[in-house]
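Visitor: Predicted model and sequence follow; I will ask about them next.
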Amino acid sequence: MAEYEIDEITFHKRLGILLTSWKNEEDGKTLFQDCDSILVTVGAHDDTNPYQKSTALHTWLLGYEFPSTLILLEKHRITILTSVNKANMLTKLAETKGAAADVNILKRTKDAEENKKLFEKIIEYIRATNKKVGVFPKDKTQGKFINEWDSIFEPVKSEFNLVDASLGLAKCLAIKDEQELANIKGASRVSVAVMSKYFVDELSTYIDQGKKITHSKFSDQMESLIDNEAFFQTKSLKLGDIDLDQLEWCYTPIIQSGGSYDLKPSAITDDRNLHGDVVLCSLGFRYKSYCSNVGRTYLFDPDSEQQKNYSFLVALQKKLFEYCRDGAVIGDIYTKILGLIRAKRPDLEPNFVRNLGAGIGIEFRESSLLVNAKNPRVLQAGMTLNLSIGFGNLINPHPKNSQSKEYALLLIDTIQITRSDPIVFTDSPKAQGDISYFFGEDDSSLEDGVKPRKPPTRGTATISSHKGKTRSETRDLDDSAEKRRVEHQKQLASRKQAEGLQRFAQGSVPSSGIEKPTVKRFESYKRDSQLPQAIGELRILVDYRAQSIILPIFGRPVPFHISTLKNASKNDEGNFVYLRLNFVSPGQIGGKKDELPFEDPNAQFIRSFTFRSSNNSRMSQVFKDIQDMKKAATKRETERKEFADVIEQDKLIEIKNKRPAHINDVYVRPAIDGKRLPGFIEIHQNGIRYQSPLRSDSHIDLLFSNMKHLFFQPCEGELIVLIHVHLKAPIMVGKRKTQDVQFYREVSDIQFDETGNKKRKYMYGDEDELEQEQEERRRRAQLDREFKSFAEKIAEASEGRIELDIPFRELAFNGVPFRSNVLLQPTTDCLVQLTDTPFTVITLNEIEIAHLERVQFGLKNFDLVFIFQDFRRPPIHINTIPMEQLDNVKEWLDSCDICFYEGPLNLNWTTIMKTVNEDPIAFFEEGGWGFLGAPSDDEGDDSVEEVSEYEASDADPSDEEEEESEEYSEDASEEDGYSESEVEDEESGEDWDELERKARQEDAKHDAFEERPSKKRHR
């Protein structure tokens, strides 16, 4: 025993827990039966009965079972009588500082008389108490040591009142510390690995290949796996640092099939052959004396009734997990589950198990935590349960043979109780699709819609594939859906055409769709006194205050506002410097059209001045000053145009009489003052306020009257959970103009370090990060609930002015709205991308049409362009959408009643929208947006499937370019006679039908891809 070490700190910590509960008046009376001492005797090791309170106390206090040892517990002292070698190991327990109680070690020797005196000394200790002795009466002990003790104790046994102290010890063992939880996690990882990586594969092999094997032989085969170190060292199992020497089976694995099932924990594997109908398997490992347990049901060719019952069982177990949390009464848990069965499936109540498991730990079954309707115990955080839920003696209405008339369903898992949802240690696959196997049968009736697993085929065994649709059946379905979509799009196109004609009816709008620019007047000085004093020197002056340049012209200073200056240039020629100033005037070549409107374009204008000077340094300085002032003026004008639509909101009306609804520890985008610090959001009477922690005047106010959309995006598949506000008009946040304000919180936690270095001590026993993953799922769910609840409060406080919108991630598609590839998600009213900046928010009811570009065979991506009802608003492009998502995008657009067209090339939308804005009435009178889809309609009217496929392949853009190049070469060589290509065409022998078809394609091509609709379109 020299290799064993006793942890004295853990010993005294747990001894203190026991003594505290014992000294408690209520626990001492009800659980410890008012005893003043507890006598614990352990004889020889018994492999047939490993779960006893005596050995459990040894393991809990000492870490190991100490055979041939007696322990006498008193409220102030613990006495341990054992052999010399064991006593030497325990000596340091008496020397520990801050001990929970005095530790008295008595050493047995080979001297029988001396040992008799030691036993008598123990009896004297008991006589010194109230003679009420706590024992564990259900424990069965044996061996030489027990016989020697009984020979001394039995004659005086009548002097003492022996009471049962099992409940007192059970309460102390129920709540596990971190080290105990780590051991149970380790045992659970091994149990799950054997179930999912070994049993499932072997089971599917036997059933697949039709091999005969008995349940008991299969069970023995699994039991011998513990000696296979290579299996447990497989990296894919992710067992971590498991000490295989301290791994053992809790019990021999239980395998049942073929119509004979026993759902009790005491079930025994029989010698009947394995049958491929409903197979139950339960198994459990012990690690460092701490137990785990897992059980699963596997269905082979299940009918709809079996699938329905199993799906109900999975849902029932999920509810059971929800009910098991800190503070729950065990009896109420069973009653609630039974109530669900009576409400939803009363026909299954007679088949329901009588209890739902018990506590688990050092003992495989802690009966004090038995989950039934009569147990008044209250669950506490840190307890571990072995939950077993199932239905027995179920009747199969359509049995395939006599052995499958009856069946049972069972799910077993080991969990840890927390203050929220429990941690499931044995998270092995249990969904319908994971445990269902089909052999040549249709699996389309699966209840949960999950694709079932197929047993892996080995050798010559054959399993027929699932019954599926043929290619022609799939094509028929696609064609019917496409026809419905095309018909709906025609209706939408007709509606858009009618709306456009009505919207731009004669006299309803100005003939020009573009607002006329306003004439701006610039005034440098209102009176002569404002001119600078240096004007008397008759030199070029740059007046920053008046934003003007004063030029000496014919002996008089003449000011020119900087806005009238187009550009300036400086040239050196010999000893002179030439400064040329060019001014804005109408009719200039190369200038922007209508760059600066003129009140009277027919007036006389000065286009330029040229000055010559020999003072090189001064002219250089003047030129630099003019350039700087022009840049500053241009920048101001750009900012003025950019911030022209920025509004100044009304004042926020704060709630004064109470603390407003709020949410803490949220970040904001865009950040205030460029600093990323968490603040809080408050809901007030007419809006919300984000308060920065930096200072009280650093905040962002958003009024309900300026909110256009309110979004909540959960953290599923994302690193943040967020609330996003899209405004009607932009506001200023710091020095930034923004129309989107986002509040978010990151999901990740700093204590979870992927490198495994930071705070590693908290991950002891969780090397495969099972608890970490479950903890992250719980944290994500909690964040979603918190943010969604607050977003709903914002919508409610707005009194119906805004509604909460949540993205549909299942409809999302990838694209590039700006520079990076992002995931765009539709919502009820919008298409959004809220994770990365810049954000994308497109309101669907503002869209006029959508156009799908670069839709042609051979390309991997296509583009999507949205044209808005406000034609002066530039179209939005979403580029590089994977071609695999084309049908999904079309279906989504069609479901939103958005008229869309598609084409093989990118169009010049700047030119098209310019033409539309110049005369929208004429645009719609000539057919409106119909030019985008006219070619496809013409081709599809009188063509069958084979012809359309041939034309589509023949109309490839690369082929068209080759045809164009051939035509150009032919035209160029007409003067020289026949060209080589013409000779080849004649030799090819093309008939007139082929030539006419090519001509029609060429005409259709030119009509389809012109950049804008012509004024007079050929019908």
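Guide: Great, that's in hand. The structure displayed is predicted, hence computed values, not measured ones. Residues are numbered from 1 along each chain as shown.
Visitor: First-to-last residue distance for stretch 822-837?
Guide: End-to-end distance for stretch 822-837: 10 Å, by Cα to Cα, to the nearest Å.
Visitor: Buried residues, that stretch. List them.
Guide: For stretch 822-837, burial by neighbour count (16 or more other Cβ atoms under 10 Å) applies to 822-827, 829-835. Where you see a C-beta, it was placed from the backbone N, CA and C, and this is true even at glycine.
Visitor: Of the residues you listed, which belong to strands?
Guide: In this view, the buried residues of stretch 822-837 that belong to strands under DSSP state E are 822-826, 830-833.
Visitor: L320 and I337 touch, don't they?
Guide: Yes. Assessed by Cβ atoms under 8 Å, L320 is found in contact with I337 at 5.7 Å.
Visitor: can I get the ones in strands among the buried residues of stretch 822-837 in a markdown table with distance to N917?
Guide: Conversion of those to a markdown table gives the following (distance: Cβ to Cβ, whole Å):
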| residue | distance to N917 |
| --- | --- |
| V822 | 30 |
| L823 | 33 |
| L824 | 28 |
| Q825 | 32 |
| P826 | 29 |
| C830 | 25 |
| L831 | 24 |
| V832 | 28 |
| Q833 | 28 |
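Visitor: Identify, from those, the entry nearest to Q233.
Guide: If you rank these by distance to Q233 using Cβ to Cβ, L823 comes first, at 39.8 Å.
Visitor: Now do the same contact list for the residue lying closest to the closest one once chain neighbours are set aside.
Guide: Residue nearest to L823 in three dimensions, not counting chain neighbours: A812, with 5.1 Å by Cβ to Cβ, 6 or more residues apart in numbering. Contacts were defined as Cβ atoms under 8 Å, 6 or more residues apart in numbering; by that measure A812 touches 823-826.
Visitor: And for C324?
Guide: Contacts of C324 were listed using Cβ under 8 Å, 6+ apart, and they are 333, 379, 385, 387, 415, 417, 422.
Visitor: And the pLDDT for it?
Guide: Reading off the per-residue confidence, C324 sits at a pLDDT of 94.
Visitor: so what's the backbone phi/psi at it?
Guide: According to degrees, to the nearest 10, the main-chain angles of C324 amount to phi -80, psi 100.
Visitor: And F32, by the same measure?
Guide: In this entry, F32 is assigned phi and psi values of phi -100, psi 0 (degrees, to the nearest 10).
Visitor: Which helix or which strand is home to the nearest residue to it once chain neighbours are set aside?
Guide: Across the structure, with Cβ to Cβ, 6+ apart as the measure, the residue nearest F32 apart from its sequence neighbours is G168 (4.0 Å). Assignment of secondary structure by DSSP states H and E places G168 within helix 166-174.
Visitor: Strands along the stretch 251-400 of the chain, start to end?
Guide: Ranges of strands in the stretch 251-400 of the chain, per DSSP state E, counting those that start in this stretch, are 254-256, 278-283, 285-287, 290-291, 294-300, 357-359, 384-395.
Visitor: The stretch 451-600 of the chain now?
Guide: With DSSP E, counting those that start in this stretch, the ranges of strands along the stretch 451-600 of the chain come out as 541-543, 548-553, 556-561, 565-573, 576-583.
Visitor: Any idea which of those gets closest to F790?
Guide: Each of the strands of the stretch 451-600 of the chain has some distance to F790 by Cβ to Cβ; the shortest is strand 556-561, at 52.8 Å.
Visitor: Report the buried residues of stretch 191-203.
Guide: With the criterion 16+ other Cβ under 10 Å, stretch 191-203 contains buried residues 191-196, 198-200, 203.
Visitor: which one among the residues you listed gets closest to K860?
Guide: Ranking those by separation from K860, with Cβ to Cβ as the measure, puts S196 on top at 37.6 Å.
Visitor: domain ranges for this structure?
Guide: For the chain, the structural domains run 8-174, 178-437, 537-586+606-643, 662-750+766-806, 810-929, going by the TED database.
Visitor: Can you add distance to H488 and give the ones you listed back as JSON lines?
Guide: What follows is the domains of the chain, written out as JSON lines (distance: least, Cβ to Cβ, whole Å):
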{"stretch": "domain 8-174", "distance to H488": "64"}
{"stretch": "domain 178-437", "distance to H488": "34"}
{"stretch": "domain 537-586+606-643", "distance to H488": "40"}
{"stretch": "domain 662-750+766-806", "distance to H488": "24"}
{"stretch": "domain 810-929", "distance to H488": "6"}
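Visitor: Determine which of those domains approaches Q489 most closely.
Guide: Ranking the domains of the chain by proximity to Q489 (Cβ to Cβ) places domain 810-929 first, at 6.3 Å.
Visitor: Mind jotting down where the strands sit in the stretch 51-200 of the chain?
Guide: Counting by DSSP E, counting those that start in this stretch, the stretch 51-200 of the chain has strands at residues 69-74, 77-83, 102-108, 132-135, 161-164.
Visitor: Any idea which helix or strand in the protein has the lowest mean pLDDT?
Guide: Counting by mean pLDDT, DSSP states H and E, the weakest-scoring helix or strand in the chain turns out to be helix 945-954, with a mean of 35.
Visitor: got the phi/psi numbers for I681?
Guide: Torsion angles, degrees, to the nearest 10, at I681: phi -110, psi 140.
Visitor: For it, give me its contacts.
Guide: Listed by Cβ under 8 Å, 6+ apart, the contact partners of I681 are 662-663, 666, 688-691, 723, 743, 790.
Visitor: try 7 Å this time
Guide: Applying Cβ atoms under 7 Å, 6 or more residues apart in numbering to I681 gives the contacts 662-663, 666, 688, 690, 743.
Visitor: ok, of those residues, which come out buried?
Guide: When the contacts of I681 are checked for burial by 16+ other Cβ under 10 Å, the buried set is 663, 666, 688, 690, 743.
Visitor: can you tell me which two in these are farthest apart?
Guide: For the buried ones among the contacts of I681, with distances taken as Cβ to Cβ, the pair at the greatest spread is V666 and I688 (11.3 Å).
Visitor: hey, what's Y290 bridged with?
Guide: Judged by DSSP bridges, the bridge partners of Y290 are Y287.
Visitor: wait, it sits on A182?
Guide: No. With contact taken as Cβ atoms under 7 Å, Y290 and A182 are classed as non-touching, separated by 8.9 Å.
Visitor: Between the two, tell me which one has more neighbours.
Guide: Here Y290 and A182 are set side by side on neighbour count (other Cβ atoms under 10 Å), and the busier one is Y290, at 27 against 20.
Visitor: and the more buried one, what is it in contact with?
Guide: Y290 makes contact with 180, 183-184, 187, 361-362, according to Cβ under 7 Å, 6+ apart.
Visitor: Out of the residues you listed, which is nearest to K631?
Guide: Relative to K631, and with distances defined as Cβ to Cβ, the nearest of the contacts of Y290 is I184, at 71.3 Å.
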